[in-house]
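1. Here you go, sequence then predicted model.
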Amino acid sequence: MSFISKEVLSTSLLDRVQSPTDLKTMSEDELASLAHELRAEIISIVSETGGHLGSSLGVIELTVALHAVFDTPDDVLIWDVSHQCYPHKVLTGRRDRMRTLRKKDGLSGFTRRAESPYDPFGAAHSSTSISAGLGFAVARDLKNQSGHVVCVIGDGALTAGMAYEGLNNAGDLGKRLIVILNDNNMSISPPTGAVSNHLNALASNAPGAALKNAARSEKERSLFEHMGFSYFGPVDGHDVSGLLATLSDLKDTQTGPVLLHAVTRKGAGYSYAETSSDKYHGVSRFDIPSGKQSKTPAKAPSYTKVFAQSLIAEAEKDDTIIAITAAMPAGTGLDQFARAFPDRSFDVGIAEQHAVTFAGGLAASGMRPFCAIYSTFLQRAYDQVVHDIALQNLPVRFAIDRAGLVGADGPTHAGAFDVGYLANLPNMTVMAASDEADLVSMVATAARFDTGPIAFRYPRGEGLGVPLPENPAPLAIGKGRIIARGQQVALLSFGARLAECRKAREQLAPHGISATIADARFAKPLDTELIEELVSSHDLLVTIEEGATGGFGALVLHHLAAQGFLDGRCGVRTMTLPDSFIQQASPADMYETAGLNARQITELVRSAFSQRHHR
Ligand SMILES: Cc1ncc(C[n+]2csc(CCOP(=O)(O)OP(=O)(O)O)c2C)c(N)n1
Ligand SMILES: CC(=O)[C@@H](O)[C@H](O)COP(=O)(O)O
Ligand SMILES: [Mg+2]
């Protein structure tokens, strides 16, 4: 399929769709043509907004068929991860707002209950759909209601343990539930693991063979059948007529849990997506005829890249270093590590819990594992961090990427809570990088730290362009540093808001307020000497961090209160993310909403001084 320009493409069928009910009036041929129009529309939209293109293109026909057969929103349709929900949004009354996708005040890039009744369950973290769907099915039956529950889950999402917890429960309860496995043989990167091998074997069966109930031996039965599901497929997930027939059949005859195995192509129908190695999983704005994405040239290397290169440098000196990713090799930079050290690199699938405990086993055997996980996804492995790592004081290194606000992915992907949930754990050491040079030092520190678990966090995106240390020395554990000396206020930063503190210092100077800036580097152990020195020598101490309440500032306050410093002459303020989920916008806009930009640091300091003056 070629796309010359959006003007020449007809949208006559799409224009008839105000809601999914309009699909019921269309013939099979019209629905197939609608799918073509929808595909062109999605390509046109994402070429302007950027976003998750490949996954959405892979489910165009499936989305049309599902909305044509089922009666959403009365029938519940749940998209796993929901990064593939763009065609669903177009068909469910949001077409006119699609070009605001992932922008400030615009549509979310994911399903969101607050956005539409057609989004019965929000998602963005993977593999929740079966559990949520089962909840809807059980509630339906307890309320003696009718209706269908349909969950669409990808093969990547099916690598996560949570999917099996859902299948296990659903297969046993026997409730009416339709799970559609959208198998495009891709996660963000190629999928890994034994389940993936099993799906490939199933997908290689003759199309529809299982659907026709071909006699198969016990050995040939799919994993899903062993778990109490009826298995149908494989079916061609791009054949609208076939999908309409199969889904209608399931709708009419289903009495228990069924799994329909639909084979699709990620990026389907846009040649640049289909042939690219990541199938255009997540793209920036792009030019449709050439497929070229418009990326603003980087002024500095990304934190992710600096992390990966530093880890490679450490691993060259130390063959006990192992790198682990949970299905994010490109996102964490560990794809570079895997190329350098294929035997010491593990992509365990979307399995953060397993990744952490797997690292625990490696650490207990004397290896030096680095678990590189986005802050938001590490949430899923919290018990493993507590029970398997911290409690046993195992030296697992946590490289926590995407710390703080991340922009277009919005609140589901914000790295807000890790400091709070890690620094409260006995045995844990927690660091945050203030710039990419600091990150290099933290990788070196973690590499040599065998005393217990250690975590270091760093933001999404470019560093500041500072020179990197060539032979990084480990940092002194629990020691921060003074960046600039002043008299009245001490700005004590934990993490990459340090740059905003520097700007605030300049903004405060003309108001006669001279600021000390300190970089805490450690939330645990705290540099109590530095903190006590700052409260003793200033009128005001302000802590700043790109994390939620209950993090670094809370630990500082706790220490000061315990030592009686809060009774003294120095005022104390904490600046954290607010107690709310901040919707997507540019990171700078999100930080403005959060109140963590230089302007707001300056305002807080000035207002604190004016309050003191009036007291
Ligand atoms: C718990 C969790 N870990 C990691 C991710 C990042 N992630 C988003 S989409 C994705 C791949 C999903 O693959 P699949 O379900 O097959 O969907 P496809 O994009 O192939 O349609 C990953 C790893 C996530 N969303 N949630
Ligand atoms: C849907 C999902 O979780 C990922 O695709 C995410 O959008 C990646 O974000 P980064 O661009 O920060 O890697
Ligand atoms: Mg997939």
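-> Sure thing, it's come through. Ligands and ions are numbered 1, 2, ... in the order given.
2. Show the backbone phi and psi for the nearest residue to residue 369 once chain neighbours are set aside.
-> Leaving out its chain neighbours, the residue that sits closest to residue 369 by CB to CB, 6 or more residues apart in numbering is residue 359, at 3.9 Å. Using the backbone N, CA and C atoms, a C-beta is placed for each residue, glycine as well. Note on residue 359: backbone dihedrals following degrees, to the nearest 10 are phi -60, psi -40.
3. what about residue 381, neighbour count?
-> Per other CB atoms under 10 Å, the neighbour tally for residue 381 reads 23.
4. got it, and residue 526?
-> 20.
5. Report the contact partners of it.
-> Going by CB atoms under 8 Å, 6 or more residues apart in numbering, residue 526 touches 478, 520, 555, 556, 559.
6. pLDDT weak spots in the stretch 401-550 of the chain?
-> Scanning the stretch 401-550 of the chain for pLDDT under 70 picks out no residues.
7. Around ligand 2, which positions in it sit nearby?
-> Neighbours of ligand 2 within the stretch 401-550 of the chain, by CB under 6 Å from any ligand atom: 402, 406, 409, 460.
8. and the gap between the closest residue to ligand 2 within the stretch 301-450 of the chain and residue 46?
-> Closest to ligand 2 within the stretch 301-450 of the chain is residue 331: 3.7 Å, counting by CB to the nearest ligand atom. In this view, residue 331 and residue 46 are 19 Å apart by CB to CB, to the nearest Å.
9. Neighbour count for these two, which is higher?
-> Under the neighbour definition other CB under 10 Å, residue 331 and residue 46 were set side by side, and residue 46 has more, 29 against 21.
10. tell me the pLDDT at the spatially closest residue to that one that is not a sequence neighbour?
-> Nearest non-adjacent residue to residue 46, counting by CB to CB, 6+ apart: residue 53, 4.5 Å away. pLDDT recorded at residue 53 is 98.
11. With residue 2 instead?
-> pLDDT, residue 2: 45.
12. Likewise for residue 215?
-> pLDDT, residue 215: 55.
13. that older thread, need the max-distance pair from the contacts of residue 526.
-> Farthest-apart pair in these is 478 and 556; separation 13.3 Å (CB to CB).
14. Between those two, point out the one with more neighbours.
-> residue 556 (26 against 18).
15. what helices or strands is the host helix or strand of the more buried one leaning on?
-> Secondary-structure element containing residue 556, defined by DSSP states H and E: helix 552-562. When contacts are defined as 3 or more CB pairs under 8 Å, 6 or more residues apart in numbering; DSSP states H and E, helix 552-562 packs onto helix 418-423, strand 522-524, helix 528-537, strand 540-545, strand 571-575.
16. returning to what we had before: my reading is that the residue of the stretch 301-450 of the chain closest to ligand 2 lies in a strand. Confirm?
-> No. Applying DSSP: H, G, I helix; E, B strand; the rest coil, one finds residue 331 to be helix, outside a strand.
17. ok, now which ones touch the residue nearest the centre of the chain?
-> Taking CA atoms, centre = their mean as the criterion, residue 413 is the residue nearest the geometric centre of the chain, at 4.4 Å. Going by CB under 8 Å, 6+ apart, residue 413 touches 124, 374, 376, 402, 406.
18. For these, work out which two are farthest apart.
-> That would be 124 and 402, which, of the contacts of residue 413, are the farthest apart (CB to CB) at 12.6 Å.
19. Neighbour count: the two, which is higher?
-> More crowded of residue 124 and residue 402, by other CB under 10 Å: residue 402, with 28 against 19.
20. Residue 250 is in contact with residue 233, correct?
-> No. Contact between residue 233 and residue 250 fails when scored by CB atoms under 8 Å: they sit 10.9 Å apart.
21. residues near residue 196, how many?
-> Neighbours of residue 196 under the rule other CB under 10 Å: 20.
22. how about it, secondary structure?
-> Using three-state DSSP as the criterion, the local structure at residue 196 reads helix.
23. Give me the pLDDT value at it.
-> pLDDT, read off for residue 196, is 92.
24. circling back: list the buried ones in the helix holding residue 556?
-> Under the neighbour-count criterion of 16 or more other CB atoms under 10 Å, helix 552-562 has 552, 553, 554, 555, 556, 557, 559, 560 buried.
25. swap in stretch 576-596?
-> By 16+ other CB under 10 Å, the buried positions in stretch 576-596 come out as 576-577, 582-585, 587, 589-591, 593-594, 596.
26. What is the end-to-end distance of that stretch?
-> Start and end residues of stretch 576-596 are separated by 7 Å (CA to CA, to the nearest Å).
27. check whether it contacts ligand 2.
-> No. Contact of stretch 576-596 with ligand 2 (CB under 6 Å from any ligand atom) is absent, the minimum separation being 10.9 Å.
28. Please work out which residues outside that stretch touch it.
-> For stretch 576-596, using CB under 8 Å, 6+ apart, the contacting residues are 102-106, 108-109, 404-411, 414, 416, 460-461, 497, 500, 544-549, 551, 553, 575, 597, 600.
29. The residues you listed also near ligand 1: which ones?
-> Taking CB under 6 Å from any ligand atom, there is no overlap between the contacts of stretch 576-596 and the neighbourhood of ligand 1.
30. Mind checking which of the residues you listed are in strands?
-> 544, 545, 575 (DSSP state E).
31. which one of those residues sits closest to ligand 2?
-> Closest approach between the ones in strands among the contacts of stretch 576-596 and ligand 2, by CB to the nearest ligand atom: residue 545, at 20.1 Å.
32. That closest one: what's it in contact with?
-> 419, 432, 493, 494, 495, 497, 551, 552, 553, 575, 576.
33. mind redoing it with 10 Å?
-> By CB atoms under 10 Å, 6 or more residues apart in numbering, residue 545 lies in contact with 403-404, 419, 432, 457, 492-497, 520, 523, 551-554, 556, 574-577, 596.
34. So which bits of stretch 228-244 are buried?
-> 228-240, 242-244.
35. So that stretch, near ligand 1 or not?
-> No. Applying CB under 6 Å from any ligand atom, one finds stretch 228-244 separated from ligand 1 by no less than 10.7 Å.
36. quick one: average pLDDT of that stretch?
-> Taken as a whole, stretch 228-244 has an average pLDDT of 97.
37. how long is it end to end?
-> Start-to-end span of stretch 228-244 (CA to CA) is 25 Å.
38. is it anywhere near ligand 3?
-> No. Using CB under 5 Å from the ion, stretch 228-244 never reaches ligand 3; the gap is at least 11.0 Å.
39. Please report phi then psi for the closest residue to ligand 1 within the stretch 501-615 of the chain.
-> Going by CB to the nearest ligand atom, ligand 1 is nearest to residue 584 of the stretch 501-615 of the chain, at 15.1 Å. Main-chain dihedrals, residue 584, degrees, to the nearest 10: phi -60, psi 150.
40. mind listing what the closest residue to it other than its chain neighbours touches?
-> Spatial nearest neighbour of residue 584, chain neighbours left out: residue 410 (3.3 Å); criterion: CB to CB, 6+ apart. When contacts are counted by CB under 10 Å, 6+ apart, residue 410 touches 102, 108, 109, 110, 112, 124, 581, 582, 583, 584, 585, 590.
41. Once you drop chain neighbours, what's closest to the fifth one?
-> Once its chain neighbours are removed from consideration, residue 112 has its nearest residue in residue 122; the separation is 5.0 Å (CB to CB, 6+ apart).
42. in the stretch 1-150 of the chain, which spans are helices?
-> Under the criterion DSSP state H, counting those that start in this stretch, helices of the stretch 1-150 of the chain are mapped to 28-49, 53-58, 60-69, 86-89, 129-142.
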